[in-house]
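> everything below, folded, please.
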Amino acid sequence: MITVAACAPIRRVAPVEVGQHILSAGFGGPISEVGRGSGIYVPAPVVTAGYGYGLHELFDLEAGLQVTELFVGGLALDAGVNFRPLRPEGLRPGLIFPVKLHYLVPFRGSGIDTMRLYPDVGATALWQWPDRHFYTYVGVTVWFDLASRGDGNDPLSRVLPVMHLGQTFGNETWQFSVELRYYTPNISDEFRLIDVADLGGQGSLGAVLGFSWALGGDAP
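Have a look, this model is predicted:
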């Protein structure tokens, strides 16, 4: 279940202006042990690429590709919209409400029976520093596993929350982000196939680096 949620790309929290094009990339994921008993834990090398567009002052569109999945035998895409009803000002946080759909399918045995669609919704609050290109943010994204299983068994949970805490900085054109994540805290680690960094035997901790480049429009 962590593997599914790890497909989530890192999102640009800085405002996206009308007509602006956003190119983005991310690296990282759940933190797990390298080899059994090594005691060395590193983030999964999940690479994502994305594109965004400022459609309206309250809405921006985005789509993404999990590049790593292409090399391990599958295709993972996502697309959605970010609703930004409130921009940060002083101590008042800005708000972002994303709604997305994720499409996952293995190359082998591809077909309607192996295709998976995962909708997600989320909420993020962000605070702007005196330097207007620096933001601190916190939020949660909730994935929903609606697919049936070929073996007739239900998934461990159909609700897959991912909490995040991050810091972003940059200038009018580019933004760099460092984000900590807590994947699926509602699922016990006894069901994991690998040893992961967790909290009290639940979920998995993660770390992701993100970069975005803005083109056109009025830079935030």
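> from here on, just use CA atoms for contacts and neighbour counts.
OK.
> tell me what the helix or strand hosting R181 is packed against?
Assigned by DSSP states H and E, R181 belongs to strand 174-188. Helices and strands touching strand 174-188, as assessed by 3 or more C-alpha pairs under 8 Å, 6 or more residues apart in numbering; DSSP states H and E, comprise helix 2-5, strand 159-170, strand 202-215.
> can you map out the strands along the protein?
21-33, 41-43, 47-56, 59-66, 74-86, 94-106, 116-128, 135-144, 159-170, 174-188, 202-215 (DSSP state E).
> mind giving me the packing neighbours of the shortest one?
Going back to what we said before, that points to strand 41-43. Strand 41-43 sits against strand 21-33, strand 202-215, with contacts defined as 3+ C-alpha pairs under 8 Å, 6+ apart.
> residue ranges in the protein under the pLDDT threshold?
For the chain, applying pLDDT under 70 flags the ranges 1-9, 109-114, 148-156, 191-193, 218-220.
> if we go to 80?
1-11, 35-38, 107-115, 131-132, 146-157, 189-195, 217-220 (pLDDT under 80).
> for the nearest residue in space to L101 that is not next to it in sequence, give me its contacts.
Once flanking residues are discounted, L101 sits nearest to P119: 4.3 Å by C-alpha to C-alpha, 6 or more residues apart in numbering. Going by C-alpha atoms under 8 Å, 6 or more residues apart in numbering, P119 touches V99, K100, L101, H102, W143, F144, D145.
> same check, this time on Q175
Q175 makes contact with R12, A14, H133, T168, F169, F211, S212, W213, according to C-alpha under 8 Å, 6+ apart.
> and if we set it to 7 Å?
Q175 sits next to T168, F169, F211, S212, W213 when contact means C-alpha atoms under 7 Å, 6 or more residues apart in numbering.
> for the closest residue to E62 other than its chain neighbours, give its distance to G94.
Nearest residue to E62 in three dimensions, chain neighbours excluded: G52, at 4.1 Å (C-alpha to C-alpha, 6+ apart). Computed as C-alpha to C-alpha, to the nearest Å, the G52 to G94 distance reads 19 Å.
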